[in-house]
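**Q** how would this look folded up:
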Amino acid sequence: MKYTPSRWRANASTSGLSWHSPVTARATLAVVALLAMIAVTLPSPAQATQGPAQAVVVRMTDATVDGAALIEAAGGTVTAELAIINGYAAELSSDGNAELLSNPAVLSVTPDGAVQLTGWENTANGDMISMSSVADKLVDADVFWNDGFTGAGIDVALIDSGVSSAAALTTKGKVLNGPDLSFESQDADRIHEDSFGHGTHLAGIIAGRDANAPSRITTKEARKNFLGIAPDARVISVKVADRNGMADVSQVIAAIDWVVQHRTDNGMNIKVLNLSFGTDGTQSYLLDPLAFAVEQAWHNGIVVVVAAGNDGANVALRNPALDPFVIAVGASDHRGTFNTKDDRVAGFSSCGTAARSNDLVAPGKSIVSSMSSSSKAAADHPEAIVDGTYIVGSGTSQAAAVVSGAAALVIDQRPGISPDQVKSLLMSTAQSTGGSKICQGAGVLNLGAAKKAATPDATQTFATATGTGTLEGARGSYNLTQDGVVLEGEQDIFGNAWDGASWSSLSAAGASWSGGDWNGASWSGASWSGMSWSGASWSGMSWSGASWSGASWSGASWSGMSWSGASWSANAWLGLSWNGPAGMV
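**A** The predicted structure is shown next:
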């Protein structure tokens, strides 16, 4: 059940007018592009052929190996590419199987089984893994549950694409809606709802809880029910992204300000903030307004967990993960086993640089979680759906959600612990894994060790941001465009001028929101008509049902991306690729 504070319910437009598909002059997407969930799953197994051939999954040692050529040379037939695991689904004879296994470039050849999860037992089927496996096998969240620490009383703010009523998210009080600051806020059918699919998936990972799960959660119950990392925490949903995952940094900054300013209103107790998005903005964090906003949350007692990005190694972290105060999270790859000793940093996971790298990594590869049934993800990619109820997702977004749930457990166990101490505790107890120290940071999240460790005496002493930089610098190379008009420069989504010095002063004082107004505009209905970017007026247009639907973003379209084998061209969602640097992580 969701609760919607009436003062934040926007006035729905019913004029029925719709947007035209935008014509873009350059890569457009600003989108702080929220994160990137999208589901990733193995394709359905190939049908058995006559004779000795059988359906198999062939994994290569790395992405540079031309596995298709090796399979064909061994007399096999490739049925699908599985880029997410450097592999292929194929039909292969026993002789061909033996030939491939003798090749040092081939990591493994295994039977391809049906990808369907009918329960939540600890079985890793191929590349897909259930939340029970993540919680009690990969990160040891159940050691907290067994002692009664389940995140009860802790609110986790999720700034994302909204959260819809979905499996494991329907228990009373599980989700509380904050303001809807997205382009869909004027649509009565879409306000607060997750029409994209990303926020719902992350909410399930953070705090999902089957309605039939018993009041006392234990390891045993984890194997019978869907349970997020902190199953008794509450999710505060602040929606900023629409059905296409579109949002501007001004929307996200406004959302962060709202979370900080209202963190204890009406019985709320926001202690964790999940931000699974990022831009390629490169201005110094000391100036960047997005970095300043997350620091305000941090310094007001909120643990801020940010997805690193899905750009792979040797790439700087996304903004605001680049801010040194927050917890920057990369994704680990479970490699189809429950033995964490063989875990590695996922190939798609951003690593950062020597100056600012990941703080730690957490499971982010092919995780089964809650599905928004009416979302674009579910509609466009039915092959990613499990049991008609759940959906599989990969990315540093998912990894950040795991760490957000972990932070809620730690805070439940240790009331009064500071964000600096939470970060230090999780990093000091992480389990080192193979690969680059920059990529893995302190290592893989290890809640079993964290629960036993003493609370560290930790205070971060980095220089603090000023927020006086530019919005355009925070956006990076992506900007929203509508009918050829680009949202760029120092103006927010309503076309209002942005003054970093003035805003940062109000934000620091906890006064950037006044009722439903932020940066001089009302976000509750009136300001959505009459908008103007660079002289192009939206007056008379209706946001109802529009949500930029059907938009094709130059340099950022979905065309050519394939879910077969979890590949989105080069990167994936898993690296939610937008055919170029992406905001979604």
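**Q** pLDDT (mean, whole number) over stretch 54-61?
**A** For stretch 54-61, mean pLDDT is 80.
**Q** I meant stretch 483-493, not that one.
**A** Stretch 483-493 carries an average pLDDT of 86.
**Q** Determine the number of other residues adjacent to R263.
**A** By other C-beta atoms under 10 Å, 20 other residues sit near R263. The C-beta positions use only the backbone N, C-alpha and C, and glycine is treated the same way.
**Q** Run through the bridge partners of the residue lying closest to it once chain neighbours are set aside.
**A** With C-beta to C-beta, 6 or more residues apart in numbering as the criterion, R263 has its nearest non-adjacent residue at 4.0 Å, and that residue is I270. Counting by DSSP bridges, I270 forms beta bridges with D155.
**Q** Touching, I270 and I302? I think so.
**A** Yes. Look at I270 against I302 with C-beta atoms under 8 Å: they come within range, at 6.1 Å.
**Q** Would you mind grabbing the residues shared as contacts by those two?
**A** Counting by C-beta atoms under 8 Å, 6 or more residues apart in numbering, the shared contacts of I270 and I302 are 157, 259, 263.
**Q** Now do the helices in the stretch 451-585 of the chain.
**A** 471-475, 500-508 (DSSP state H, counting those that start in this stretch).
**Q** Now do the phi/psi pair for the residue most central in space within the chain.
**A** The centre of the chain sits closest to S397, judged by C-alpha atoms, centre = their mean, with a distance of 2.5 Å. Phi and psi for S397, reported as degrees, to the nearest 10, are phi -60, psi -50.
**Q** quick one: it and G197 touch, right?
**A** No. Between S397 and G197 there is no contact under C-beta under 8 Å: 11.5 Å.
**Q** show me what contacts I71?
**A** Counting by C-beta under 8 Å, 6+ apart, I71 has contacts 58, 77-78, 88, 90, 92, 96, 100.
**Q** Can you tell me the SS state at P214?
**A** Three-state assignment for P214 (DSSP: H, G, I helix; E, B strand; the rest coil): coil.
**Q** That one contacts K220, correct?
**A** No. Using C-beta under 8 Å, P214 is not in contact with K220, being 9.8 Å away.
**Q** For S250, see how far away A293 is.
**A** As judged by C-beta to C-beta, to the nearest Å, A293 and S250 stand 11 Å apart.
**Q** Ignore what I typed, I meant S432.
**A** 40 Å.
**Q** who's more crowded, these two?
**A** A count of neighbours by other C-beta under 10 Å puts S250 above the other of S432 and S250, at 29 against 13.
**Q** what helix or strand is the more buried one on?
**A** Element membership of S250, judged by DSSP states H and E, is helix 249-261.
**Q** mean confidence for that helix?
**A** For helix 249-261, the per-residue pLDDT averages 96.
**Q** Repeat that for stretch 131-145.
**A** Mean per-residue pLDDT for stretch 131-145: 89.
**Q** hang on, T150 packs against I229?
**A** No. Contact criterion C-beta under 8 Å: T150 and I229 do not qualify, at 9.6 Å.
**Q** Report the set of residues contacting both of those two.
**A** When contacts are counted by C-beta under 8 Å, 6+ apart, T150 and I229 are jointly contacted by L409.
**Q** the more surrounded of those two?
**A** Using other C-beta under 10 Å, the more surrounded residue of T150 and I229 is I229, with 33 against 26.
**Q** where does that one land on pLDDT?
**A** In this model, I229 carries a pLDDT of 96.
**Q** just A12 next, same as before
**A** In this prediction A12 is given a pLDDT of 25.
**Q** Could you measure from E488 over to A377?
**A** E488 is 29 Å from A377, by C-beta to C-beta.
**Q** Which helix or strand contains A68?
**A** If you go by DSSP H and E, A68 is part of helix 67-73.
**Q** still on that earlier bit, how near is the residue nearest to the centre of the chain to F348?
**A** 11 Å.
**Q** SS state for the nearest residue to S332 once chain neighbours are set aside?
**A** Counting by C-beta to C-beta, 6+ apart, S332 lies nearest to V361, which is 4.3 Å off, once chain neighbours are set aside. Secondary structure, three-state DSSP: V361 is strand.
**Q** in the stretch 451-585 of the chain, which spans are strands?
**A** In the stretch 451-585 of the chain, the strands defined using DSSP state E, counting those that start in this stretch lie at 481-482, 485-486, 513-514, 517-518, 521-522, 532-533, 536-537.
**Q** other SSEs contacting the fourth one?
**A** For strand 517-518, the elements it packs on are helix 249-261, judged by 3 or more C-beta pairs under 8 Å, 6 or more residues apart in numbering; DSSP states H and E.
**Q** Helix 500-508 and the helix it packs on, what's the angle between them?
**A** 30 degrees (axes from the mean of the first three to the mean of the last three C-alpha atoms, to 10 degrees).
**Q** Can you name the residues in contact with helix 249-261?
**A** Outside helix 249-261, the residues that touch it by C-beta under 8 Å, 6+ apart are 30, 32, 34, 157, 159, 178-179, 181-182, 236, 238, 240, 270, 273, 275, 277, 279, 281, 289-290, 293-294, 296-297, 300, 302, 471, 474-475, 492-493, 498, 507, 510-513, 518-519, 523.
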